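*Asks:* sequence and predicted structure below; questions after.
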Amino acid sequence: MGTRTKDDFYHGTKAGVVGGTTMVIDFVIPQKGQSLLEAFDYWMKKADGKAVCDFAFHVAITYWNPKVQEEMEILCRNKGVNSFKMFMAYKDSFMIDDADLFHAFKKCESIGALPMVHAENGHIIKENSTILLGNGTTGPVGHQLSRPENLEAEATNRACVIAENVGSALYVVHVMSKSASEMISKRREEGNKRFFGEALAAGLGTTFPTDTSDYASLAGHIMGPPIREDPNTPRALMESLASDGLSTTGTDNCTFDTCQKEMGKHDFTRIPNGVNGLEDRMSIIWNNGVKTGLLSPEKFVAVTSTNAAKIFNVFPQKGCIRPGSDADVVIWNGESSRVISAKTHQHNNDFNIFEGMTVVGNTEVVIVKGKIAYEAANNIVSVEKGWGKYVPTPCYSPKVFRAVGMVLAADKYTDKYDNIDLDEILGNQRLYQKYFDCIQGKGKCTPDGAELKETIPEALKTECAKCSDKQKAGVEKVLRHLIREKPDDYKVLEDQFDPEGVYRKKYEDLKKKVEEGKPIEY
Ligand SMILES: NC(=O)NCCC(=O)O
Ligand SMILES: [Zn+2]
């Protein structure tokens, strides 16, 4: 905040790739009052041509007004952004209040996006900080004292309560304490599978140093919410991942060097918040999760890759190895060991929070979109600057908007027209043309045609989440017919309903399946 991170998109993604991460989702953070679209474009310029693996964006909402709402819609519909982060901390800069959180969550729900929160009570942090500084506690330990675990748990619970009142989904980023993780896991156990929590490499892999004499080490570990001192926290967070209480693992990779961290030498509130994690995330999770018996290798894949790909709606392009998926492949050696050090890491930084730790479980070979990018054997890093491209994350992620029990009867499409004879329409050119003209807005619509026209955009985005089985079969029939018999009409509809090409990848998969005569999976 107020100072530039050491890792740019080149160094950050390179570190990620060497460690086995083949796609990143970064946070676009607009300044208060700045256009969200302008901030998005600025971030795109920072990433494009530099990233060595694919990337996507979450966009932060740092203030609230009608223009923000409009821009959220544009980002969602046309730019491939399906998640927005709100800060409950950083009072007087990025924090927004509960009413705005309520409205932002509501907006997300209405446009098929996922609201994310940084959950800490910013008001109390500010009051605590003032008292601590007044008492002469100016060093990094003040950061920890001003942000106790209960402020994270309280805000996490509050975010859940707000989302429950709105009826929205929720994703809590960087969950750093057991009590905060329990706020989410409790809801998930009760059946709300639309709430998700993310653990970080930092929280799973280390604790805050106890040697209070080493400023560089203490400041190097400063982030929000804090890395906890409690030695039980890393295991508790890993157990939560194992039991499906938390769903994903990220890094919030945000590195500052020793010199930048010096900014807060005499006032802990001025220490830039952020630590590394991208390069070591996978090894930390294997070492502390799989080697300890808490996670199975399958669960390791789920929490490091597949779950995130599904939640952010880039599955099966990412998050699995299948015909048609991107060839992002990590060959993993579950027994090789390495000592983590800033002297040897790929980050553009002089500090590593895992310094000196021996981790078992490391990358052997990393392939990014079909190209070998790293070979451990001879420590060959052959990443290519700019090889990474922007991956749109389409709204209405089925994982978020079609979670168990979410689609209530009232959320289903009407069954009024379920008995219409599709074969008759598709087999009769004159009848077919009438429907086709109606959908394009070029001709009059029958009531069922009008209903269809209304429904198509959402049904395509949600992969027919609100369709009954019968309706899904009908959709499949129509799509097959269009792809096989009317490819030009299919193209017209593709241009009409996906002008920016945000959903094209999904359509292409579907098209391929139809061409291969395979059933469409919903
Ligand atoms: N986690 C962390 O301290 N990152 C910097 C900004 C933020 O809190 O999101
Ligand atoms: Zn944050």
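*Replies:* Structure received. Ligands and ions are numbered 1, 2, ... in the order given.
*Asks:* if I look at the closest residue to G277 other than its chain neighbours, how far off is ligand 1?
*Replies:* Leaving aside its sequence neighbours, G277 sits nearest to T251 (C-beta to C-beta, 6 or more residues apart in numbering; 2.9 Å). (Glycine included, C-beta is placed from N, CA and C.) T251 sits 9 Å away from ligand 1, taking C-beta to the nearest ligand atom, to the nearest Å as the criterion.
*Asks:* and for T414?
*Replies:* Taking C-beta to the nearest ligand atom, one finds T414 at 43 Å from ligand 1.
*Asks:* now do the same contact list for that residue.
*Replies:* By C-beta atoms under 8 Å, 6 or more residues apart in numbering, T414 lies in contact with E451.
*Asks:* going forward, begin numbering at 39 instead of 1
*Replies:* New numbering, starting at 39: the last item is T452.
*Asks:* let's verify it: helix, strand, or coil?
*Replies:* coil (DSSP: H, G, I helix; E, B strand; the rest coil).
*Asks:* tell me the residues of this structure that contact ligand 1?
*Replies:* Counting by C-beta under 6 Å from any ligand atom, the residues of the chain close to ligand 1 are H156, H212, M261, G262, D290, C292, N311, G312.
*Asks:* tell me where the stretch 339-488 of the chain has strands.
*Replies:* 367-377, 396-406, 409-413, 418-419 (DSSP state E, counting those that start in this stretch).
*Asks:* list the buried ones in whichever strand or helix holds R225?
*Replies:* Taking DSSP states H and E as the criterion, R225 maps to helix 216-227. For helix 216-227, the neighbour count (16 or more other C-beta atoms under 10 Å) marks K216, S217, A218, S219, E220, M221, I222, S223, R225, R226 as buried.
*Asks:* just stretch 178-191 next, same as before
*Replies:* 178-187, 189-191.
*Asks:* what's next to that stretch, contact-wise?
*Replies:* By C-beta under 8 Å, 6+ apart, stretch 178-191 touches 127, 157-159, 162-163, 166-167, 170-171, 175, 213-218, 220-221, 246, 250, 253, 256-257, 259-260, 262-264, 266-268, 302, 306-307, 309.
*Asks:* run through the residues that contact G327.
*Replies:* G327 neighbours (C-beta under 8 Å, 6+ apart): L242, M276, L279, A280, L333, K337, F338, V341.
*Asks:* residue nearest the centroid of the protein?
*Replies:* For the chain, the residue nearest the mean C-alpha position is F350 (5.3 Å; C-alpha atoms, centre = their mean).
*Asks:* that one touches P436, doesn't it?
*Replies:* No: the criterion here is C-beta atoms under 8 Å, and F350 misses it with P436 at 11.4 Å.
*Asks:* from the contacts of stretch 178-191, keep the buried residues only.
*Replies:* Using 16+ other C-beta under 10 Å, the buried ones in the contacts of stretch 178-191 are 127, 157-159, 162-163, 166-167, 170-171, 175, 213-218, 220-221, 246, 253, 256-257, 259-260, 262-264, 266, 302, 306-307, 309.
*Asks:* what about those residues, which are in strands?
*Replies:* Among the buried ones among the contacts of stretch 178-191, the members falling in strands are V213 (criterion: DSSP state E).
*Asks:* what stretches of the stretch 139-288 of the chain score poorly on pLDDT?
*Replies:* Along the stretch 139-288 of the chain, no part satisfies pLDDT under 70.
*Asks:* the chain now?
*Replies:* Short version for the chain, where the test is pLDDT under 70: 39, 441-450, 496, 499-500, 543-544, 555-560.
*Asks:* quick one: the residue in it sticking out farthest from the centre from E158, how far?
*Replies:* Distance from the centre of the chain peaks at R468, with 46.3 Å (C-alpha atoms, centre = their mean). Separation of R468 from E158 (C-beta to C-beta, to the nearest Å) stands at 63 Å.
*Asks:* how about P68?
*Replies:* As judged by C-beta to C-beta, P68 and E158 stand 20 Å apart.
*Asks:* before we move on, what about S343?
*Replies:* From S343 to E158 the distance is 27 Å (C-beta to C-beta).
*Asks:* cool, and C91?
*Replies:* 30 Å.
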